[in-house]
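Colleague: What would the 3D arrangement of this be:
(one chain, ligands or ions: 1)
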Amino acid sequence: MDILSLSPEEREKALDAVRKVKFPIYDGCMLPKFPPIMANTEKHMQSIRNFDSRESDILLCTFPKCGTHWVHEIVSMILQGDARYTKGHKLNFMMEACNLEELANAPSPRFINTHLAFRHIPKKHVDNGYKIILVSRNPKDVMVSFYNHIDRDPLTSCGEDNFPGTWSDYIQDMCENRHNIYGGYFNYLSEWEEAKKTKVVTNVHSAFYEDLKKNPVAEIARLAAFLNKELSSQVMEDIANKCSFKNLVDATKSGQKGEDVLPLVSRDKTNFVFRKGTTGDWKNWFTVAQNEMFDQVLEREFKGIDLKFTYEL
Ligand code: A3P
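Modeller: Have a look, this model is predicted:
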């Protein structure tokens, strides 16, 4: 069923039904309730793993809330060669959400995105060393951002489990990795770091949300170099400016980026992708005790892993 094509009343009914349903589980990971996953989880996930990748494909890999939409627009502009807003919706190229047959027939170069765990992304893409962009963000801001998203998005909340519940319920749940959507952020990062260290994956451009905030033009230049795109300094500055938080929000609201469908499905009818766009908001959410608990979890989960995060700018 295409929820967006329903009348407002029918849509609310359908969204309520989605909110109640439990998460599909695949290979130990809870997954968001995207239509193709709900239709046949095993088949869709196998089709992603066996996807016929092309050498020109670029795969954007992120855990939710690491700045996916932001980097998606930046990379789309880099590929386009100028700073005009692009209209194509990220969801149409999101492997777990989209129609894979349409994706298979899309013209090259395809710019594909996914939040799936490393072990679930297309094997051919990894084995053949095709381009991957991996964006990470400090885990505390990811927790806060994801909480605010989950609470509003019927695909990632679950009425039957009262998930996410209060912030306090949620952060405890995350520390225990109970509702481990996409496997959970700790596992997501550990798996990627292990794959990079052991050279199971090779052609990866790693970027951090905080570096993009601090130094957007330099990070855009690094991305352009990885994508073999020559851009003038002026174009790179224009891209940074057009993709600043305020400008990207305005462009989304005004329709310059195409129709904004997220408010149609969100609990409070706002776009749950754009919230604050800052680094360090976690300090407004974590109590001292929660922060200590979380630091212990990070120490345990990332033992032996060389990952340094920026928690404030
Ligand atoms: P916050 O909830 O902390 O504000 P994703 O696209 O992966 O879902 O990530 C969403 C997060 O990136 C949200 O974080 C959102 O506000 C932030 N974001 C989106 N566009 C941004 C931009 N242009 N600059 C900085 N942050 C941005």
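Colleague: Tell me how many other residues crowd residue 217.
Modeller: Per other Cβ atoms under 10 Å, the neighbour tally for residue 217 reads 14. For glycine as for every other residue, the C-beta is placed from the backbone atoms N, C-alpha and C.
Colleague: Go through stretch 40-49 and flag the buried ones.
Modeller: 41, 44, 45, 47, 48, 49 (16 or more other Cβ atoms under 10 Å).
Colleague: Which member of those residues is positioned nearest the ligand?
Modeller: residue 48 (18.7 Å; Cβ to the nearest ligand atom).
Colleague: Please list the residues of the stretch 151-300 of the chain that sit near the ligand.
Modeller: Contacts of the stretch 151-300 of the chain with the ligand, taken as Cβ under 6 Å from any ligand atom, map to 243, 244, 245, 248, 273, 274, 275, 276, 277, 281.
Colleague: Downstream of the helix or strand encompassing residue 45, the next helix or strand is which one?
Modeller: Assessed by DSSP states H and E, residue 45 sits inside helix 41-49. As assigned by DSSP H and E, the chain's next helix or strand after helix 41-49 is strand 58-62.
Colleague: correct me, but residue 44 touches residue 96?
Modeller: Yes - the pair residue 44 / residue 96 is scored as a contact, 7.3 Å apart, by Cβ atoms under 8 Å.
Colleague: joint contacts of those two?
Modeller: Here residue 44 and residue 96 have 36, 37 as joint contacts, going by Cβ atoms under 8 Å, 6 or more residues apart in numbering.
Colleague: since we're on residue 115, how many residues are nearby?
Modeller: Using other Cβ under 10 Å, residue 115 has 24 neighbouring residues.
Colleague: OK, contacts around it?
Modeller: Counted by Cβ under 8 Å, 6+ apart, residue 115 has contacts 61, 62, 63, 64, 68, 94, 96, 182.
Colleague: lowest confidence element among the helices and strands of the protein?
Modeller: None of the helices or strands of the chain scores lower by mean pLDDT, DSSP states H and E than helix 262-265, at a mean of 89.
Colleague: residue ranges of the helices in the stretch 151-300 of the chain, please?
Modeller: 167-175, 185-197, 209-214, 216-226, 233-242, 245-253, 262-265, 288-301 (DSSP state H, counting those that start in this stretch).
Colleague: Comparing these by mean pLDDT, which bottoms out?
Modeller: When the helices of the stretch 151-300 of the chain are ranked by mean pLDDT, helix 262-265 comes last with a mean of 89.
Colleague: Next, the buried residues of that helix.
Modeller: Counting neighbours by 16+ other Cβ under 10 Å, one finds that the buried residues in helix 262-265 are 262, 265.
Colleague: State the distance from the residue nearest the centre of the chain to residue 163.
Modeller: Centroid-nearest residue in the chain, with Cα atoms, centre = their mean: residue 64, separated by 3.4 Å. Using Cβ to Cβ, to the nearest Å, residue 64 is found at 15 Å from residue 163.
Colleague: if we can go back for a sec, as JSON lines, the buried residues of stretch 40-49 with distance to the ligand and pLDDT would be great.
Modeller: Output for the buried residues of stretch 40-49, formatted as JSON lines (distance: Cβ to the nearest ligand atom, whole Å; pLDDT from 0 to 100):
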{"residue": "41", "distance to the ligand": "22", "pLDDT": "98"}
{"residue": "44", "distance to the ligand": "21", "pLDDT": "98"}
{"residue": "45", "distance to the ligand": "21", "pLDDT": "98"}
{"residue": "47", "distance to the ligand": "24", "pLDDT": "98"}
{"residue": "48", "distance to the ligand": "19", "pLDDT": "98"}
{"residue": "49", "distance to the ligand": "22", "pLDDT": "98"}
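Colleague: ok, of those residues, which one's closest to residue 4?
Modeller: Lowest distance from residue 4 to these (Cβ to Cβ) belongs to residue 44, with 19.6 Å.
Colleague: Any idea how many residues pack against the residue nearest to the closest one when sequence neighbours are not counted?
Modeller: Take residue 44 and drop its neighbours on the chain: the residue closest to it by Cβ to Cβ, 6 or more residues apart in numbering is residue 36, 4.6 Å away. As a burial measure, residue 36 scores 18 neighbours (other Cβ under 10 Å).
Colleague: Much appreciated, bye for now.
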